[in-house]
Every structure is written in structure tokens, then in C-alpha cells.
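In: Predicted model follows, preceded by the sequence.
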2 protein chains.
Amino acid sequence: MKFDLQAKDPLSKARAGVVTTDHGAIQTPIFMPVGTAGTVKAVHQRELKEDISAQIILGNTYHLYLRPGIDTLEQAGGLHQFIGWDRPILTDSGGYQVYSLSNVRKIKEEGVTFNSHIDGSRHLFTPEYAMDIQRSIGADIIMAFDECTPYPCDYKYAANSLEMTHRWLRRCCTHFDNTEPKYGFNQTLFPIVQGSVYKDLRVRSAEFIAGMEREGNAIGGLSVGEPAEEMYAMTEVVCDILPADRPRYLMGVGTPVNILENIALGVDMFDCVMPTRNARNGMLFTRHGIINIRNKKWENDFSPIDADSDLLVDRMHSKAYLRHLIHSKEMLGAQIATLHNLHFYLWLVTEARQQIVAGTFYDWKNKMVQILGNKL
Amino acid sequence: MKFDLQAKDPLSKARAGVVTTDHGAIQTPIFMPVGTAGTVKAVHQRELKEDISAQIILGNTYHLYLRPGIDTLEQAGGLHQFIGWDRPILTDSGGYQVYSLSNVRKIKEEGVTFNSHIDGSRHLFTPEYAMDIQRSIGADIIMAFDECTPYPCDYKYAANSLEMTHRWLRRCCTHFDNTEPKYGFNQTLFPIVQGSVYKDLRVRSAEFIAGMEREGNAIGGLSVGEPAEEMYAMTEVVCDILPADRPRYLMGVGTPVNILENIALGVDMFDCVMPTRNARNGMLFTRHGIINIRNKKWENDFSPIDADSDLLVDRMHSKAYLRHLIHSKEMLGAQIATLHNLHFYLWLVTEARQQIVAGTFYDWKNKMVQILGNKL
């Protein structure tokens, strides 16, 4: 993997760059649609490429490990082949879902035992096994196995957890560096900074992670319920320590405003289920604010879903039609709303990139964050 | 509406024709995907046009009347405008869903009172109101308001129901002929032959319906649970009476074999929820037989969903991937399977048409009906 910094915003820490993988280039800052179980929910791969211009998507190791399973993925030739996606893929390590989805889990030094949320079967993820699984899935960028602390989290727990996450990281790196990719293209491992909302822990973690000298670095454990100001404070501390010549990935973030503020602090990569999940509930993000398409006020509004957008469904369909589909629980409602939201998120980061390159990001960002949270 | 007969099969009663509406031409025999509530479930309109080559779709009056409602549809400028579909649309009269979906219903000479399955609200459909509603929806082809008798149905009930359906038909025709289309294009009204599985009732009804001299005619009350042989016997009796110079529409039919056998008896138009509904449960129709994609045998089958097909998703995705999506209850599974099944149904009628034009339909049909029911 290669990272080329192309431009810096003069008034913030925002950067524009290019991440190059064996499956192609990614213009940063970038938003990565979440394709949990081998599909970005309600969106076909052709639409991801042609309508959304998605440059990279995520897969969730926990879900893919349980279903279809590693055996099937290996026989398919990896996740790219299995789902028919030839652009870059990033996988998380499975840790976050183990903590949030499985019924019973037990964290030990060795790793985490948990019960499947699908059939209750018992499994053990260790740092080494998380590397093996991600080798088998075959993502271009894979993530270290860590503990994502909840919010709130007491200092002592956060500090102990952080040390274990660092010990796990060493095991991840050793195992990753001693194994080979399985499908003829390169993979790279990103370590993850933890430390909850404690500045000293974040500093300690960021320094440790920077010292591992991986090709890219991630920030985890944010967007888990803390106030946005605490998130930004942690991101700022961490970005100032993580090496500037490598991409920085802020995991699981966030709202459009969160994304712009974190770009301003030096983050290059984002993922979040918000655009896809909220779409299914009828919440649309636009450059003028947020639309709850379920509201009565849209019942007979025959204006386009988004007149500013160049997405086919945004121009072709009215708010009234989308409201009808969402109210009627028709799949097409989720399909159209998801396309809209992902297209908007990709527009947002593409526009942010252009503003960075033009040197106008800071003022544009400050203007946009005033607008994006409006309720339309 | 215009109907041009273009070819007849020498060894059966199959015909190839063209129905011309103000929204374009329909090559018959044709299968019409069902778009119940203003959407063919899980398929976008662009896909219907570009991937499936659907020439006409159905809307259900009962569903559209309840949601989004006539007021919204009128303000939108009719269903075509509301959903963004510029090809022909056919609507049923709402009767069938009143009988099958609503909680409480009472059939009287005036019409049918029923409670909405959505909110329990009370409504009355009369033959006249069914015409008004379909004028407001604005389909190109609209259907008479009838009683669709269940199976089994005793002779006396069927005979009495038939007479009422005929009286209702007169009221439908009078009201339809005394009202105007609302959106600047023509609409036409198809009457419906009933009579359960009683040959004399079917003859009486077909003669009555033929005497109304509408531009096209429909056969209802079949595919409601009767053996296929009884269905074919009724279709044959009725097709021999309905005028040959007008299209014949067999409502709610059916399996691929049902469609081919009824084409051989002189039917021109079909609709059924089977390809869309069964797709969502993982049943795929192919030219070699039926696939239950949920079965374990497809778990590691990485061959294309349908190697014979020219549909993108059929060639792009494996059986193993589609199985995974359906098992995981991912919307994309329903999306891909629905595209596949509709594409197959449209291929089937297109191929039937070519065989009719070539004069080879009868042998081809007999060969296909041996294969299509195979379980793969």
C-alpha cells in the first residue's frame, strides 16, 4: 500500500491524498460504505460503482466468519471474488461486533470467547486468529484485533484495556508479518489507537501505535456515545502524534458534521452504518440538512428527492413517492434512500477534497457544519 | 388500444400479437410483473426497463387506493408520473384483494364493504367507484369490478355470483364509457369471465363477455387452488368463445408450465406474484428447472446463478453468493433473485413468441413443460 499526500488545507489540518492498493486507488478523504455480510445493504455492486462511485467498501469479519464462513470464502477465492467487487476492501477485526452483538463473551489475555448471535455456537477469537481470518477474507486493508472500550468507561479499565490492546497488537503484527496473502495481492495491517476519552491514554496509545510503523493507522473507541467535543478532542490529540505520511482512519464515524470536523483535524478515512441504516428508517442527509421522509409534510411534495444531486433516483423520484415506499415498508424505499445517503456521503468527502485542494476547505467546512444538521 | 395479430402456431391455438397503447406497444404473449403498491418489490424501474425489458407492469387498485391514496395519485398526475414509469400499466379492480386481504367484508348488490388491512378503516367499493379509482390511478388497461369465486365453490354460489358479476360489468361499462381519462392518454376496460370450474357457467360468462365487445377480455377465478387440468379445461372453453381479434388476459397465472400451456390455448397476457414472491424465499426458475437456492448443495457452488442468461446478475454472481444473501436475509438476495425470476419469465414469453412466429411453438412447448418443473 502506498499513500501520497497531495494537498494540505492552509487553515486546518485537513489533507488530500491518494491511497494506492493492488485493487486500485482511493482518493482521500474518503467515506467507505459498510458491507457487513458481503453486501452493502439494499445496494447492488453495480450501483456502488456506477451510481455512488464508491472507491472502497468495508466487510465485517465477525459476520463473514459466521456466515458464509471462512471455508466458503477461501473456496470462492476471497471476498472480492465472492461478492463480485474488484475495488479495495477493508475489514475490521471482528472485535467490535463480538462486544456488541454476541450474547456471551469473555475477554482474556489469550483472546475473546463468544457465542454466535445466529446459532449460539461458541467461538474464540485471538489476535492471531483474527489475522488468519482476515487473510482468508482477503481484504486489502485489515485491522488489528483490539478491545473497543464502551462509553462511559472508568479510567482504570480503559488503561488496563489499552495495555492489553497494545500487547494484542504486537501479536497481530508478528502473526501478520509471518503469514502471506492468499490470493496474489498484498494486504496491509492497520493498528488501532484506543484510550477512551482520556487524553493521557490517547497520547500513550498514539505514541505506541506510531512506533509500530505500519502503513496506515486507525483511531477506535470513538463515536460510542461520548459528546462530539470529546471525540474531536481525542482525534486532535491522536492525529498530531500519528505520522503525517500515512493515512489515518477514524472508525465508525459518523454524521456529516462529524466527518467534516474530523477531516479538519487530519483524518483521511471514515466508515459508518449511519447513511445506510438511517436510510432504511427514512432519514435522508442532504447538503441543506436532514429530511425525515416519513413526515406528513412530504405526503404531497412532488419535488425531486434531491434537486441538487446528479444521482438518477434523486432526480427521477419525488419525496412523496419515497415517503410512500418507506411507509409501505417496500424494499425499493430502502434501496432508493440508501443510494441517496451513500451518494451524499461520497459527494461530501469528494467536495471536501476539492476544497482542500483549492485551499478553501476551512471556510467551506465552517459554513457546511452550520447547515448540515438543519431539520428540513 | 389496438391489437394486431401477427402469427398463429399451426399445431396449437397460440398466437403472437402486438397490443398498442398510448404508452407504447406490448409484444404478446406477455408476462406482466406485479407492482402492487407502486413498485415491483425489490426491483427499481430502471432495472425493469434495462435489465428485464418489462413491457407492461401491474398495479393493485386495493393497495394504491389505501396507500398512497387517490388524492396523492391525482396530484402526482397519475401512477405513471408517481412512480416514474413511462410504459403501459394495467390495474386490477381491487376486488380480489378485498376478498383475500381485508378483515371484514360484505358483498351486496351495491358493492363490497371492507375494512382496510392496514388500519381497519371501513370502505365501500362499487363497480362505479372501482372505475373512478382506476381513472384516477390512470392505468392504460383497467379491469372490471367482479367477484372472484374461491376454489372449491359450489355450483349455486358460482352461478349466482356470475350473474352479479355480469350485472356489475354492465354498471362498470356504463360508468367507464360516461367518464373521461384524467391525464391526456386513453384507457380501456377489460371485462372478466368468471364461472369457477363449471364448463356451462364459463360458456355462459364467456358469451356474455364477448357480447360486451370491449377491446380486450380477461379470464378470472382460475389459479385459485384448482388442479391445473381444470384450469386448462376452463381456459380452452373460454378462449374458443372470446373474440380472436382481441387480447385475452388470464389473471394471476402462474407457473412457467401454466403459462406455456395457456399460451397454447390462446391466452396472450399473464400476471402472477410467483416470480417475485418466490424469489424472496429463494426459489429460482430456470430453463432447466427449479432451484431452491437455500439448499445446502449450493453452499460452495461458485458457478453463475444462471449461465444461460444474459442478465448481468445471473452471470456476475454465483449460486453460493446468492444462497448466502438469502440465508442472511439480506435485501440484495431478494433483489438479485427477483431480477433473475422476472428476467426468466420475460425470456420465457419472448421465446414462446419467437417459436410461434417460427411455427415451432407446439413441439418446443411440449419439450419445455417436461423440463421446467424439474427440481435441480
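Out: Happy to help now that I have it. Numbering: from 1, shown residues only, chains lettered A, B, ... in the order given.
In: number of nearby residues for A:Glu230?
Out: 16 (other Cβ atoms under 10 Å in any protein chain shown). Where C-beta positions appear, they are placed from N, C-alpha and C, glycine not excepted.
In: Just read off the phi/psi values of it.
Out: Main-chain torsions, A:Glu230, degrees, to the nearest 10: phi -70, psi -40.
In: where does the stretch 101-250 of chain A dip in pLDDT?
Out: Low-confidence segments of the stretch 101-250 of chain A (pLDDT under 70): none present.
In: Is there any residue in the helix or strand hosting A:Lys49 that contacts chain B?
Out: Using DSSP states H and E, A:Lys49 maps to helix A:45-50. Yes. Residues of helix A:45-50 contacting chain B under Cβ under 8 Å from any Cβ of the partner chain: A:45-46.
In: buried residues in that helix?
Out: By neighbour count on 16 or more other Cβ atoms under 10 Å in any protein chain shown, the buried set for helix A:45-50 is A:45, A:47-48.
In: One more: stretch A:46-63?
Out: Buried, per 16+ other Cβ under 10 Å, within stretch A:46-63: A:47-48, A:51-52, A:54-63.
In: of all those, which comes closest to A:Arg122?
Out: A:Tyr62 (14.1 Å; Cβ to Cβ).
In: Now do the contacts for the residue nearest the centre of chain A.
Out: In chain A, the C-alpha nearest the mean C-alpha coordinate belongs to A:Asp271, at 1.7 Å (Cα atoms, centre = their mean). By Cβ atoms under 8 Å, 6 or more residues apart in numbering or on different chains, A:Asp271 lies in contact with A:31-34, A:58, A:90, A:249, A:251-253.
In: Return the per-residue confidence for it.
Out: On the pLDDT scale, A:Asp271 is placed at 98.
In: returning to that earlier point: and the contacts of A:Asp271 as JSON lines, adding distance to chain B and secondary structure?
Out: Shown next, in JSON lines, are the contacts of A:Asp271 (distance: Cβ to the nearest Cβ, whole Å; DSSP: H, G, I helix; E, B strand; the rest coil):
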{"residue": "A:Phe31", "distance to chain B": "20", "secondary structure": "strand"}
{"residue": "A:Met32", "distance to chain B": "18", "secondary structure": "strand"}
{"residue": "A:Pro33", "distance to chain B": "13", "secondary structure": "coil"}
{"residue": "A:Val34", "distance to chain B": "13", "secondary structure": "strand"}
{"residue": "A:Leu58", "distance to chain B": "15", "secondary structure": "strand"}
{"residue": "A:Leu90", "distance to chain B": "19", "secondary structure": "strand"}
{"residue": "A:Tyr249", "distance to chain B": "25", "secondary structure": "strand"}
{"residue": "A:Met251", "distance to chain B": "23", "secondary structure": "coil"}
{"residue": "A:Gly252", "distance to chain B": "21", "secondary structure": "coil"}
{"residue": "A:Val253", "distance to chain B": "24", "secondary structure": "coil"}
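In: Pull out the buried members of the residues you listed.
Out: Of the contacts of A:Asp271, these count as buried by 16+ other Cβ under 10 Å: A:31-34, A:58, A:90, A:249, A:251-253.
In: Residues of the stretch 1-150 of chain A that sit close to chain B?
Out: A:37-39, A:41-46, A:67-68, A:71-72, A:75-76, A:82-84.
In: are any of these buried, and which?
Out: A:37-39, A:41-45, A:68, A:72, A:75-76, A:82-84.
In: in the stretch 201-350 of chain A, which spans are strands?
Out: A:217-219, A:248-250, A:269-271, A:283-286, A:289-292 (DSSP state E, counting those that start in this stretch).
In: What ranges does the stretch 201-350 of chain A have for its helices?
Out: Along the stretch 201-350 of chain A, counting by DSSP state H, counting those that start in this stretch, helices occupy A:228-241, A:256-264, A:274-280, A:312-316, A:319-327, A:331-358.
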